[in-house]
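> quick one, structure for this:
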Amino acid sequence: MVTAELKIAKLLIFHFNFVFPGYYIFTYRRVTGISICTIDVSQADGPRTVREVKSTVSKSLGIKTDEIEVIKDTTILRNDEKEFRTDGVTEIMIIRKDRRVPIGERTSKEDMFDGDLADGDRIRMSCGHAATPENLYRYCLYKLNSCDLSIKCMECDEVWEFPEISKKADMTDDESVFFSRKMTKVAIDYNNDIRQCPTCGIHCTRLSPDNKQVECVYCKRDGKSMYSFCWECVLPWDAGHNCEKNNINIAQHTLDNCERVKMKYSNISNVPKVRACPNCKLLIEHTGGCKTMDCRNPACKHTFCFSCLKPMNKFGGLQCGNYNSKCTVAPVQKLVI
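Below is the predicted model:
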């Protein structure tokens, strides 16, 4: 028979965490996990960057650092980033470094991405074409980062279902959950019938398509002072609300405060990482590759240099030269209200 004193003792052991002076508890959770894991780390050696998080967690789990990604919401963070916690907890994803092909599903067909230069065994897709599991994984990640849910064959345009992609890319459970979460977010973001409340994060629908002011029933029920938001710009609603002005102010703040990066191939330094398309003003982030940029807006597709912002010439090349040539760095753009 369990006594009341024993129950209290167990509760105390569960809730009380003794930490030596100069140490603190680092908390993390796997994408597939419900429980939170803790590690006692010293104040001096505690992780301050994503790279250090990977090192700390790898020692705890007994795996290599390159088998860990640190994520925030649906974004894989870079090694040098310092903002990696959500509500005090760091979320990690265990990834597969050596993606395998089951013996019975190997094919000698060329990889649809790299041809015969592809490194590793190929797997046959349902359409009959082939890819290495690593190239398939990276292609899927690229499409979702571009907010494109149409993940299809590069040869015949047949659309693949996610269960097939997950299996044939040899994804870990963490990777499968992360990709599913990312696909859900893209679907919600591009669904004009759903919006996320900027105050509580709950997804809402509106009763009338003619009313831009929407009340979040959850925020209103909880007595929050700010429970109305704009359906168009998804900002809190206030007197004299102006979507265009608010959107431009937010975009300008992003342009003014983004970090500076170095262009690969052309070796151009101190280039703003975020630019507004010179044609349609859509904000575009440079995540890698050369300075040639194609606007991601399907209605625009303007091609320009990310450094000097000059457009493509009539011959199909950049006005400032080749993809690897140096050019001037245009100043931070100023949007007109």
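> which stretch of helix or strand covers E175?
helix 173-189 (DSSP states H and E).
> can you work out which other helices and strands pack against that helix?
Applying 3 or more C-beta pairs under 8 Å, 6 or more residues apart in numbering; DSSP states H and E, one finds that helix 173-189 contacts strand 89-94, helix 133-145, helix 162-168. Using the backbone N, CA and C atoms, a C-beta is placed for each residue, glycine as well.
> closest to S180 out of these?
The closest of these to S180 is helix 162-168. By C-beta to C-beta, the value is 7.1 Å.
> run through who's touching that closest one.
Residues outside helix 162-168 that contact it (C-beta atoms under 8 Å, 6 or more residues apart in numbering): 105, 123, 125-126, 133, 136, 140, 151, 171, 175-176, 179-180, 183.
> switch the cut-off to 7 Å
I123, M125, S126, P133, L136, C140, I151, S176, F179, M183 (C-beta atoms under 7 Å, 6 or more residues apart in numbering).
> so which of the residues you listed comes closest to D114?
Nearest to D114 out of the contacts of helix 162-168 is L136 (C-beta to C-beta; 11.6 Å).
> any idea how far the closest residue to the closest one other than its chain neighbours is from R100?
Excluding its sequence neighbours, the residue lying closest to L136 (C-beta to C-beta, 6 or more residues apart in numbering) is A169, at 4.4 Å. Distance, A169 to R100, using C-beta to C-beta, to the nearest Å: 11 Å.
> which one's more surrounded, these two?
Each of A169 and R100 has its neighbours counted (other C-beta atoms under 10 Å); A169 has more, 24 against 12.
> can you list the buried residues in stretch 309-329?
L309, K310, L318, C320, C327, V329 (16 or more other C-beta atoms under 10 Å).
> how about the strands of the stretch 201-337 of the chain, start to end?
Along the stretch 201-337 of the chain, counting by DSSP state E, counting those that start in this stretch, strands occupy 203-204, 213-215, 228-230, 260-263, 268-272, 274-276, 283-285, 292-294, 303-305.
> quote the end-to-end distance of stretch 229-246.
End-to-end distance of stretch 229-246 (C-alpha to C-alpha, to the nearest Å): 12 Å.
> so which residues lie in contact with it, not counting its own?
With C-beta under 7 Å, 6+ apart, stretch 229-246 has contacts from 195-198, 206, 212-214, 216, 226, 228, 247, 337.
> any of those buried? List them.
R195, Q196, C197, P198, V214, C216, S228, N247.
> out of those residues, who's nearest E69?
Q196 (24.1 Å).
> contacting residues around that closest one?
Counting by C-beta under 7 Å, 6+ apart, Q196 touches H203, V234.
> before we move on, the earlier item: and the furthest pair within the contacts of stretch 229-246?
C216 and I337 (27.9 Å).
> circling back to that earlier point, out of the contacts of helix 162-168, which end up buried?
Among those, those classed as buried by 16+ other C-beta under 10 Å are I123, M125, P133, L136, C140, I151, S176, F179, M183.
> between all of these, which two are separated the most?
Within the buried ones among the contacts of helix 162-168, two members stand farthest from each other by C-beta to C-beta: I123 and M183, at 20.9 Å.
> and for L61, the neighbour number?
L61 has 15 nearby residues by other C-beta under 10 Å.
> going forward, count from 48.
Yep, numbering from 48; the last one is L108 now.
> mind giving me the domain ranges of this protein?
With domains defined by automatic domain parsing, the chain comprises 51-141, 150-236, 242-288, 289-384.
> need the ones you listed in CSV with mean pLDDT, can you?
Converted to CSV, the domains of the chain look like this (pLDDT from 0 to 100):
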stretch, mean pLDDT
domain 51-141, 78
domain 150-236, 91
domain 242-288, 82
domain 289-384, 89
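> re the thing from before, now do the shared contacts for A216 and R147.
Joint contacts of A216 and R147 (C-beta under 7 Å, 6+ apart) are P180.
> buried stuff in stretch 95-102?
Within stretch 95-102, judged by 16+ other C-beta under 10 Å, the buried ones are T96, V97, R98, E99, V100, K101.
> R132: which of the residues you listed is nearest?
V100 (9.4 Å).
> the closest one: what secondary structure?
helix (DSSP: H, G, I helix; E, B strand; the rest coil).
> element containing the nearest residue to it once chain neighbours are set aside, please.
Residue nearest to V100 in three dimensions, not counting chain neighbours: P94, with 4.4 Å by C-beta to C-beta, 6+ apart. Using DSSP H and E, P94 sits in no helix or strand.
> give me phi/psi at the spatially most central residue of the chain?
Centroid-nearest residue in the chain, with C-alpha atoms, centre = their mean: T122, separated by 2.4 Å. The phi and psi torsions at T122 (degrees, to the nearest 10) take the values phi -120, psi 130.
> which ones are touching it?
Here T122 is in contact with no residue (C-beta under 7 Å, 6+ apart).
> let's go with 10 Å and repeat that
E128, N192, K229 (C-beta atoms under 10 Å, 6 or more residues apart in numbering).
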